[in-house]
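Peer 1: I'll drop the sequence and a predicted model, then ask my questions.
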Amino acid sequence: MTKTRIKILIFLLVISFGPYYIYQNVLYKDARDINNEKSTLTISAQNLEKEYAANPSQADAKYLNKTIEVQGIVSEVTDSTMVVDKKVFCKMNGEVKKTLINKQINIKGRCIGYDDLFELVKFDQCSIQQN
């Protein structure tokens, strides 16, 4: 009778911790470190937004979830966000200085799509690149 109970206990433990093990070691992948990745291309904010406005699905296939460097003039700045050429919204990795407004800039980040309502291409994990 005790062997049966031990087998049942082991079976219950496997059922309990099996999904956790699979999640941690198979399904869960570490978050990308965009700052250390090499950008796949460099494009102006104006051209990027034009491509998304013309054909969002084709632009998604080309840019979505890729590390891209965007060039343009900073048009808006908040604590941790920046808008380039009034076309590309960037969620920055750190705090942003307000002195960057109206300055030419290169920003590297991950393209996460196009916002039809605000007509902005959105990026996250952005960092300012040195020229």
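Peer 2: Cool, got the structure.

Peer 1: Would you map out the domains in the protein?
Peer 2: Under the assignment automatic domain parsing, the domains of the chain span 1-30, 34-129.

Peer 1: can I get the CA coordinates of stretch 118-130 in CSV?
Peer 2: The C-alpha atoms that make up stretch 118-130 are tabulated as CSV, following Å, rounded to 0.1, in the frame of the first residue of the first chain:
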residue,chain,number,x,y,z
PHE,A,118,-2.1,58.7,-34.4
GLU,A,119,-0.3,57.8,-37.7
LEU,A,120,2.9,57.0,-35.9
VAL,A,121,5.3,54.1,-36.3
LYS,A,122,6.1,52.7,-32.8
PHE,A,123,9.4,51.6,-31.4
ASP,A,124,10.4,50.3,-28.0
GLN,A,125,13.7,49.6,-26.2
CYS,A,126,15.2,52.6,-27.9
SER,A,127,18.6,54.1,-27.3
ILE,A,128,20.4,57.2,-28.8
GLN,A,129,23.2,56.3,-31.2
GLN,A,130,26.4,58.3,-31.6
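
Peer 1: can you list the residues that contact that stretch?
Peer 2: If you take CB atoms under 8 Å, 6 or more residues apart in numbering as the criterion, stretch 118-130 is touched by 32, 34-35, 45, 48-49, 52-53, 63, 68-70, 82-83, 87-94, 100, 105-115. C-beta: built from backbone N, CA, C; applies to glycine.

Peer 1: repeat for stretch 42-52
Peer 2: Outside stretch 42-52, the residues that touch it by CB under 8 Å, 6+ apart are 58-59, 62-63, 68-72, 84-85, 87-88, 106, 114, 119-121.

Peer 1: avg pLDDT for that stretch?
Peer 2: When pLDDT is averaged along stretch 42-52, the result is 94.

Peer 1: pLDDT weak spots in this protein?
Peer 2: In the predicted model of the chain, residues 1, 13, 17-31, 131 satisfy pLDDT under 70.

Peer 1: Could you rerun that using 90?
Peer 2: 1-37, 79, 94, 96-98, 116, 130-131 (pLDDT under 90).

Peer 1: related to what we said a few turns ago, is there a quick PyMOL command that grabs whichever of the contacts of stretch 118-130 are buried?
Peer 2: Buried members of those, defined by 16 or more other CB atoms under 10 Å, are picked up in PyMOL with:
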select buried, resi 34+45+48+49+52+63+68+69+70+82+83+87+88+89+90+92+105+106+107+108+109+110+111+112+113+114
